[in-house]
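A.B. asks: any chance you could fold what I've pasted below:
(chains A, B, C and D)
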Number of protein chains: 2
Amino acid sequence: MKVDFEELVTELKNKNIRLSHQRLKVLEYLTQNYTHPTADQIYNGLHHEVPTLSKTTVYNTLNSLAEAGLVRTINIEDNEIRYDISTGDHGHFKCKSCRKIYDFEVDINSIKATDLNGFEINDKNIYFKGICPQCQMSNKEK
Amino acid sequence: MKVDFEELVTELKNKNIRLSHQRLKVLEYLTQNYTHPTADQIYNGLHHEVPTLSKTTVYNTLNSLAEAGLVRTINIEDNEIRYDISTGDHGHFKCKSCRKIYDFEVDINSIKATDLNGFEINDKNIYFKGICPQCQMSNKEK
DNA sequence: GTTCCTGCAAAAGCTTTGCAGAAGA
DNA sequence: TCTTCTGCAAAGCTTTTGCAGGAAC
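C.D. replies: Numbering: from 1, shown residues only, chains lettered A, B, ... in the order given. This is a model prediction of the structure:
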C-alpha cells in the first residue's frame, strides 16, 4: 500500500506530463495524506502552502493523474469523487457514521464472474458499507 | 433477479409508505425497465404517461424506496446515482463505451476480508468496468 | 519559441430544500 | 381530519468549460 513519491514523478516524466509545482504538490499531498480525499479536501489542505492554487487546477491535475493511471477514483457514495494513490488490489469500506473510508485486503482475482465471458474487464472495485468499530463503540455509549 | 410488483406494494404497506399514484408508477417503471436507470431517465420515461410528475417527486420517491430497502443505489461512476430494484446479491459491470450496466452473478459471501474484523458490514457492492462484447465488435469494425 | 498548464469567472449537471396546495389513510 | 406527499421555484454542491496570461520544456 505504500507509495513512493519519486517513482510517481518518474512515471509522470515517462508519460510526458509536465512537472508543474501544483501537480507535484497534489501528488505529494496524496502520498502523505492517505485518506482518500475529495478534490475539495486536497484544495483546502494545500492552499495555505500554495496560495495561488485553484480548485480548477486540483481537478485538472486529478483528472490527468487518473487518466495516466497514477490515481484511482472512488465513487462509493454521495455523488462525490474520492482519490486513491494506491492502485494495488484492495477493497474500500465506508463507515456510514463517520464517513471515513478504510482499505481492506481482498483477493480480487478470486472473484468469479462466470456471466462475464467475452467482457473486457479493465477495472474492479469492491465497496462495502457499514459501521466501523470506533463508531460502534461510541454509539453504544449513548 | 425477477422482481414482483405486487410483493413490493405489500412491502410498502408494511412500512407505512403511502401508495400514491406517482410512487406506484415509479415502482412499476423500475420493475418493467430493468436497466439501472438514473432519476432523469425514470422521469423522462414516465412524464408522458403521468404529465404532472415532477423530478422532485422522482427523487423523493427513490430516496424513500432506498431508505426502506426496496431499491439499491448504484454509484459506479460519473457522479450520478442509478437505481436497481433487484436487491439480491449480484455485481455490476459498466461498459465504458456504451455506458450500459450489466448484472453478473457473484458469490459475495465468498469474498474474504480478514482486515474487517469488528466492522459491521451492511452493504456490499462489486463494480467492474470495461468493454462489453457488443462494443468490442463494433470497435473492431472501424 | 512552442506547447501545455494555471486560475479566474461562469456555466453545467445532479440533487436537495422550502413551502403551499393536494391527496392518501 | 390528520398526516404525508406533490410539485414548483430556488438553492446547494460538485465538477467542467472558456479563455487569457504564465510556466514548463
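
A.B. asks: next SSE after the helix or strand containing residue A:63?
C.D. replies: Following DSSP states H and E, one finds residue A:63 within helix A:55-67. Remark: after helix A:55-67, the chain's next helix or strand is strand A:72-74, criterion DSSP H and E.

A.B. asks: hmm, residue A:95 is touching residue A:135, no?
C.D. replies: Yes - between residue A:95 and residue A:135 there is a contact at 5.7 Å, judged by C-beta atoms under 8 Å. C-beta here means a position set from N, CA and C on the backbone, and glycine is covered the same way.

A.B. asks: DNA strand D contacts on chain A?
C.D. replies: Residues of chain A lying close to DNA strand D by C-beta under 7 Å from any atom of the strand are A:18-21, A:38-40, A:55-56, A:59-60, A:63, A:79-81.

A.B. asks: and those, which are buried?
C.D. replies: The neighbour-count criterion (16 or more other C-beta atoms under 10 Å in any protein chain shown) marks A:38, A:39, A:81 among the residues of chain A next to DNA strand D as buried.

A.B. asks: show me those residues that map onto helices.
C.D. replies: residue A:39 (DSSP state H).

A.B. asks: output the buried ones among the residues of chain A next to DNA strand D as a markdown table; include the columns pLDDT and distance to chain B.
C.D. replies: As requested, these are exported to a markdown table (pLDDT from 0 to 100; distance: C-beta to the nearest C-beta, whole Å):
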| residue | pLDDT | distance to chain B |
| --- | --- | --- |
| A:38 | 95 | 11 |
| A:39 | 96 | 11 |
| A:81 | 93 | 6 |
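
A.B. asks: what's the closest of the buried ones among the residues of chain A next to DNA strand D to residue B:125?
C.D. replies: Nearest to residue B:125 among these: residue A:81, at 16.0 Å, using C-beta to C-beta.

A.B. asks: grab the nearest non-local neighbour of that closest one.
C.D. replies: Spatial nearest neighbour of residue A:81, chain neighbours left out: residue A:73 (5.3 Å); criterion: C-beta to C-beta, 6 or more residues apart in numbering or on different chains.

A.B. asks: for chain A, what's the longest strand?
C.D. replies: Determined from DSSP state E, the single longest strand within chain A is strand A:120-131.

A.B. asks: neighbouring strands - and their directions - for that strand?
C.D. replies: Partners of strand A:120-131 in the sheet, by DSSP bridges, are strand A:91-95 (parallel), strand B:120-131 (antiparallel).

A.B. asks: wait, residue A:57 touches residue A:22, no?
C.D. replies: Yes - with contact defined as C-beta under 8 Å, residue A:57 counts as touching residue A:22 (5.0 Å).

A.B. asks: which ones are touching residue A:124?
C.D. replies: Contact analysis of residue A:124 by C-beta atoms under 8 Å, 6 or more residues apart in numbering or on different chains lists A:89, A:108, A:111, B:126, B:127, B:128, B:129.

A.B. asks: just the closest residue of chain A to DNA strand C, please.
C.D. replies: Nearest residue of chain A to DNA strand C: residue A:54, at 2.9 Å (C-beta to the nearest atom of the strand).

A.B. asks: so what does that residue look like in phi/psi?
C.D. replies: Per-residue torsions, residue A:54: phi -110, psi 160 (degrees, to the nearest 10).

A.B. asks: burial measure for it, as a count.
C.D. replies: By other C-beta atoms under 10 Å in any protein chain shown, 12 other residues sit near residue A:54.

A.B. asks: I'd like to know how far it sits from residue A:99.
C.D. replies: Applying C-beta to C-beta, to the nearest Å, the value for residue A:54 to residue A:99 is 26 Å.
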